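K.L.:
can't give you the sequence, but here's the structure:
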């Protein structure tokens, strides 16, 4: 890994024109031949009191904003489930 960081990755990062593409190619080269050994997923469910809390905040005239890095469809589902929408 150290040789790759000092060699191909360092060269790609030093490039002015087309740096993003060269860095992507350096990573592709590093990742060749790798084998996935496992995977996992986490379901981050909505806590039970969230819809009631959102209702109380709305009734108190408090505006609630939801900021998320989720896909729009996921964010919409969470907003509906939480009572924001």
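P.N.:
Cool, got the structure. Here the structure is a predicted model, which is why all the values come from computation and not from measurement. Numbers count the residues shown, from 1 in each chain.
K.L.:
Report the residue spans of this protein with pLDDT below the cut-off.
P.N.:
The model of the chain has no residue with pLDDT under 70.
K.L.:
Point me to the helix or strand that includes the residue nearest to the spatial centre of it.
P.N.:
Centroid check for the chain by CA atoms, centre = their mean gives residue 69 as the closest residue, at 5.8 Å. Counting by DSSP states H and E, no helix or strand carries residue 69.
K.L.:
same question, residue 20
P.N.:
Here residue 20 sits within helix 19-31, counting by DSSP H and E.
K.L.:
Report the distance from that helix to the chain centre.
P.N.:
Distance of helix 19-31 from the chain centroid (CA atoms, centre = their mean, to the nearest Å) equals 20 Å.
K.L.:
Name the residues of it that come out as buried.
P.N.:
Neighbour counts over helix 19-31 (16 or more other CB atoms under 10 Å) mark 22, 23, 26 as buried. (Each C-beta comes from the backbone N, C-alpha and C, glycine too.)
K.L.:
if we can go back for a sec, could you list which residues are in contact with the residue nearest to the centre of the chain?
P.N.:
Residue 69 makes contact with no residue under the criterion CB atoms under 8 Å, 6 or more residues apart in numbering.
K.L.:
Look up how far residue 46 lies from it.
P.N.:
Distance from residue 69 to residue 46, counting by CB to CB, to the nearest Å: 17 Å.
K.L.:
How about residue 80?
P.N.:
Taking CB to CB as the measure, residue 80 falls 10 Å from residue 46.
K.L.:
Give me the contact list for whatever helix or strand residue 80 lives in.
P.N.:
Using DSSP H and E, residue 80 maps to helix 72-82. With CB under 8 Å, 6+ apart as the test, helix 72-82 has contacts from 46, 50, 51, 54, 66, 68, 70, 85.
K.L.:
which of the residues in that helix are buried?
P.N.:
Across helix 72-82, burial judged by 16+ other CB under 10 Å covers 75, 78, 82.
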